[in-house]
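Asker: Got a predicted structure here, sequence first:
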Amino acid sequence: MLRNALLYLSNQPQVFRFVRNNGLAKSFASRFVAGETLETALDAVARLNARGISASLDLLGESVHNEEEARAAGREYVEMLDRIHERKLDANVSVKLTAMGLDISEDLCVEVMNAILARAGKYKTFVRLDMEGSAYTQRTLDLFEKRLYPAHRENVGIVLQSYLYRTFADVERANVLKARVRICKGAYKEPEAVAFPDKKDVDATYVRCMHALMQHGNYPGIATHDETIVTEAKRFARANDIPVSRYEFQMLYGVRRDLQDQLVREGYRMRVYVPFGTQWYPYLMRRLAERPANVAFMTGSILKEMVGRRRA
């Protein structure tokens with residue numbers, strides 16, 4: 001019921017208009033989204049960099065509906081890379097292939113992505129292909145392996161989601177290719193035919209994939225806010241003589257900032273995913289709706305930080 005209500009609200013423009021003019025609502029949203037413009041996002045990245053944290057910028061938006069929208073989205077990403085370089089920020093970018101025209105034409109998507117990756121190559125930086133729902137998993141991996149990775153091996157990587165049954169096999173394939181992987185649990189609502197329904201199985205698969213990536217992968221991104229998994233990653237690295245230079249932790253903007261800073265103090269590499277853009281309201285509502293437990297999780301994250309500050 002909560003999920004359906006959040007999804008309904010995400011599609012109500014009158015609610016968005018109210019939220020954009022409501023101080024409390026905007027304050028909550030600003031905790032998890034770095035504003036509506038590239039400049040506000042770059043300023044957020046600069047603040048992260050000052051804390052010793054790198055970033056991955058993501059321009060929020062829907063699956064595009066025509067070729068010009070796809071090309072415009074591609075130009076915005078090229079500008080993002082230019083501005084990151086100009087400001088000498090420690091950041092890369094994350095891209096959803098549906099925003100680059102995948103649902104219109106694979107050839108169009110590849111053309112747009114090649115322009116982005118060429119600019120990333122010029123600056124010796126990196127582009128992460130975000131993973132979307134399971135209907136796009138094979139399409140994304142095929143396009144990555146066959147059409148983008150061969151020409152841009154140093155500048156492009158993928159995301160894999162541990163709640164899918166197939167993911168450990170995908171991790172093994174990525175390790176053979178020496179492709180960079182960001183491993184996350186996954187947030188989309190998926191049928192039991194393709195995804196583990198129980199959290200314990202998602203977590204167990206995550207740890208199994210994480211171990212394989214840390215031991216045999218190419219600079220994996222360990223994307224989690226789960227302290228138990230973070231602790232296991234540190235233990236596994238020590239037990240297997242894996243230096244901190246071979247992997248990084250990744251978290252969402254505004255989530256567990258206390259844990260982000262703790263890991264930096266301990267000498268670990270930390271990257272924060274920084275979403276921005278005018279579509280922040282649908283993004284935030286859908287993120288909460290994908291797993292209603294995220295409402296409690298995000299609230300709990302804020303409370304944990306507040307408690308930690310009082311104790312400090």
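Answerer: Ah, there it is.
Asker: how about the helices in the protein?
Answerer: 2-10, 13-20, 23-32, 38-50, 67-86, 106-122, 137-143, 167-177, 199-216, 227-239, 257-265, 280-290, 293-311 (DSSP state H).
Asker: ok, L252 - contacts?
Answerer: 32, 225, 272-273 (CB atoms under 8 Å, 6 or more residues apart in numbering). Every C-beta, even on glycine, is put in place using the N, C-alpha and C of the backbone.
Asker: pLDDT score for I229?
Answerer: Looking at I229, its pLDDT stands at 98.
Asker: try V295
Answerer: 56.
Asker: which pair in the contacts of L252 spans the largest distance?
Answerer: Largest separation among the contacts of L252 by CB to CB: F32 and H225, giving 12.4 Å.
Asker: For L97, give its distance to A204.
Answerer: When distance is defined by CB to CB, to the nearest Å, L97 is 29 Å away from A204.
Asker: quick one: which of the two has more around it?
Answerer: L97 (25 against 13; other CB atoms under 10 Å).
Asker: Please name the residues that touch that one.
Answerer: 109, 113, 129-130, 132, 136, 139-140, 143.
Asker: Can you check which residues contact both of F32 and H225?
Answerer: 252, 255.
Asker: May I have the beta-bridge partners of the nearest residue to D170 once chain neighbours are set aside?
Answerer: In this structure, D170 finds its nearest non-sequential neighbour in L160, 5.3 Å apart by CB to CB, 6 or more residues apart in numbering. Applying DSSP bridges to L160 gives these bridge partners: I183.
Asker: pLDDT value on S27, please?
Answerer: 69.
Asker: er, N21 actually
Answerer: Looking at N21, the pLDDT reads 66.
Asker: Can you list the low-confidence ranges for the stretch 201-312 of the chain?
Answerer: Along the stretch 201-312 of the chain, segments meeting pLDDT under 70 span 282, 285-312.
Asker: mind listing what the closest residue to G35 other than its chain neighbours touches?
Answerer: Nearest residue to G35, sequence neighbours excluded (CB to CB, 6+ apart): F276, at 5.5 Å. By CB under 8 Å, 6+ apart, the contact set of F276 is 33-38, 40-41, 44, 57-60.
Asker: Distance check, Y268 against T231.
Answerer: Y268 is 12 Å from T231, by CB to CB.
Asker: what about those two, which has more around it?
Answerer: Each of Y268 and T231 has its neighbours counted (other CB under 10 Å); Y268 has more, 18 against 10.
Asker: ok, the more buried one - contacts?
Answerer: Applying CB under 8 Å, 6+ apart, the residues near Y268 are 234, 244, 248-249.
Asker: do you know how far it is from R246?
Answerer: Counting by CB to CB - Y268 and R246 are separated by 11 Å.
Asker: Same question for A204.
Answerer: Where R246 is concerned, A204 sits at a distance of 23 Å (CB to CB).
Asker: Also E36?
Answerer: Taking CB to CB, one finds E36 at 36 Å from R246.
Asker: Compute the first-to-last residue distance for stretch 81-97.
Answerer: Here the two ends of stretch 81-97 are set 17 Å apart, with distance taken as CA to CA, to the nearest Å.
Asker: scratch that, stretch 235-246 is what I was asking about
Answerer: Stretch 235-246: ends 15 Å apart by CA to CA.
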